[in-house]
Every structure is written in structure tokens, then in C-alpha cells.
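In: what would the 3D arrangement of this be:
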Amino acid sequence: MDKSIVITGASSGIGKEAAEVFAEKGYRLFLAARRIDRLREMEPHLAEAGSPFCCSGEYDLSIPGSGSRLVEDALERLGSVDVLLCNAGYGIFGPVENVDPAEMQRMLQVNYLSAYESILAILPHFKTRRQGHIVLVSSINGKKGMAGSAAYSATKFAQTGLGEALWAELKDFGISVSVICPGFTETEFHRTASRTSGIKAKRSSRGQSSREVAEAIEKAVRKKQREVHLTFSGKLILLIERFSNNLAMRIMAKAAQKDPLRKME
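Out: Numbers count the residues shown, from 1 in each chain. You can find the predicted model right below:
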């Protein structure tokens, strides 16, 4: 196999596991994250796992333009790219009135705008080759909002909407688009969210591991799946929404009341 993938947010969690899964499949890797030391530590292991080529770059996606710059660097290093995995992101907990506009802007930049920049940068390459795959790691919160995560949900709804529109725009160019919607995933996400907002939340369902999400991403690329939902609770709430959006909203509100956000001591 001579395929290559660009992975953002690759230093931990889903991104790190995705790097390993795609290395095992023989992909050449370009890894992007702020913590370049972690990426450098990963490179020898990924080579042993099966990747014929692996390189890393330090990018702070909260800085406008970093999303396009990393794609330009990846194309220079790899020569060609087959998959763009937009995984970088973080969240904050709390009601809307507690979210500072500056923090909301930063989260929008990292979670959504950086991915948008990367996609704009990769599209000419994909269209010239008439092939390529864009993967957006969204969330079940990108399909149904929940009290206490409105700001995060807004960025994930943006990702989901972008993915749906891109799929329709690009399908005739041989370019695939997948939106991945995990539920609760055991990563650094919740620790970061708690540290940022001073609030933590109890998990409302079993969710899935980072490895399970990474394997679902690889399957979505292999089978060209448009949208993937990983948890039973996520699938169930979306099924209920088909018949009654009001009922689905009430269930989500009840879940938020059952697992309330709590101030950290």
C-alpha cells in the first residue's frame, strides 16, 4: 500500500490511536499537534507498527492559518495525500453565560476553522487527482445539543454541517467525506475541559475507547461511509428524533439534569 494520511491532534487520544491504526495498515503518516515532543516519541513505534514513513510537525491550530500551513507542509514532505483526518479539538463545560467570547472564538478556531483551512488547502490536490478522503471527527453533540455544552456543541454542529455539504459538493469529483460522531471517549478531552472551565461532568454513558474510534475512522475510510455513530445511546436518541424531536430534546434535558455539571473543589 502506498497511501498517506494527515492527522491533526495526533499527540494523544483519538489522534494518537488513529496514527497507530493507520500505521498498521501501512499508511505513510504526517502528524500534527502542538506537543512536538510527544509526536517525535511516537515516530519509532509507528515505524515498527508498519508505517513506511512517518514525519511530524508542530502546529498551534488556535492561530489562524495554521490549518492551511500544515497541509502545505504535508504535501511537501509526503508528495501526495490520500486522507485528511481533522481530529484536533477541545471543549469547555458550563452554561452559555459563563463562556467568555474570547474562549469561544479560540474553540471555534481550533475545532472548526482550522479544519476548514486544511480542507481548502487540500481540495486542489484532491480535485487534480480526482480522489481523496476528508474525515471530520465531530461528536454526538454535533447532532444533538446538551445543556452545559452549548459552546462545544456549536463548533461540532458546524463540523457536521460542513461535512454534509462537502459530501454533496465533492462526490462527483471522486472525493469522499466522512463525519465521525463518537459519544463519551476516555481521552484528555474532559480533563482539558474541566481545567479550562473549572467545571467537570460525570460521564452519562459507557461511550467507547479511543482505539474503537480510531478503528471506526479506518473503516469509514475503507468503506467510504458518510456518517458514523459509535454509541448505542447516540444512535437511540437520533432514532427517537426521527419520530419526535420534542421527545428527543426532553430526554437530552433529562440526561443533563441526571448528570449535572459540578464546580470543581
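In: which stretches in the stretch 101-250 of the chain count as helices?
Out: Secondary structure of the stretch 101-250 of the chain (DSSP state H, counting those that start in this stretch): helices located at 101-108, 114-129, 150-170, 189-197, 210-223, 232-243, 245-258.
In: and those helices, which one is worst for confidence?
Out: Mean pLDDT per stretch puts helix 189-197 lowest among the helices of the stretch 101-250 of the chain, at a mean of 45.
In: neighbouring contacts of stretch 49-61?
Out: For stretch 49-61, contacts defined as CB atoms under 8 Å, 6 or more residues apart in numbering pick out 4, 8-10, 20, 22-36, 39-40, 42-43, 46-47, 66-67, 69-70, 73-74, 77-78, 88, 109-110, 114. (Each C-beta comes from the backbone N, C-alpha and C, glycine too.)
In: can you check stretch 109-128 too?
Out: Taking CB under 8 Å, 6+ apart as the rule, stretch 109-128 contacts 6, 8, 61-68, 70-72, 75, 80-81, 84, 86, 88-90, 132, 134, 136, 152, 155-156, 158-159, 162, 166, 170, 173, 175.
In: among those residues, name the buried ones.
Out: The neighbour count (16 or more other CB atoms under 10 Å) marks 6, 8, 61-62, 66-68, 70-71, 75, 80-81, 84, 86, 88-90, 132, 134, 136, 152, 155-156, 158-159, 162, 166, 170, 175 as buried among these.
In: what about those residues, which are in strands?
Out: 6, 8, 84, 86, 132, 134, 136, 175 (DSSP state E).
In: contacting residues around the closest residue to the second one other than its chain neighbours?
Out: Right, the one you point to is residue 8. Residue nearest to residue 8 in three dimensions, not counting chain neighbours: residue 88, with 4.0 Å by CB to CB, 6 or more residues apart in numbering. Contact partners of residue 88, counting by CB under 8 Å, 6+ apart, are 8-9, 15, 32-33, 61, 110-111, 114-115.
In: now do 7 Å
Out: By CB atoms under 7 Å, 6 or more residues apart in numbering, the residues touching residue 88 are 8-9, 61, 110, 114.
In: now residue 145
Out: Counting by CB under 7 Å, 6+ apart, residue 145 touches residue 153.
In: ok, now residue 41?
Out: Applying CB under 7 Å, 6+ apart to residue 41 gives no contacts.
In: run the chain-centre distance for the helix or strand containing it.
Out: Using DSSP states H and E, residue 41 sits in helix 36-49. Mean C-alpha position of helix 36-49 versus that of the full chain (CA atoms, centre = their mean, to the nearest Å) differs by 20 Å.
In: hmm, residue 148 and residue 94 touching each other?
Out: Yes. With contact defined as CB atoms under 7 Å, residue 94 counts as touching residue 148 (6.3 Å).
In: quick one, phi psi at residue 53?
Out: phi -160, psi 130 (degrees, to the nearest 10).
In: neighbours of it, how many?
Out: 16 (other CB atoms under 10 Å).
In: from residue 132, how far off is it?
Out: 18 Å (CB to CB, to the nearest Å).
In: what does residue 213 give?
Out: Note on residue 213: its distance to residue 132, by CB to CB, is 21 Å.
In: next: residue 86.
Out: Applying CB to CB, the value for residue 86 to residue 132 is 13 Å.
In: cool, residue 102 as well?
Out: Residue 102 is 35 Å from residue 132, by CB to CB.
In: OK, contacts around residue 174?
Out: 130-131 are the contacts of residue 174 under CB under 7 Å, 6+ apart.
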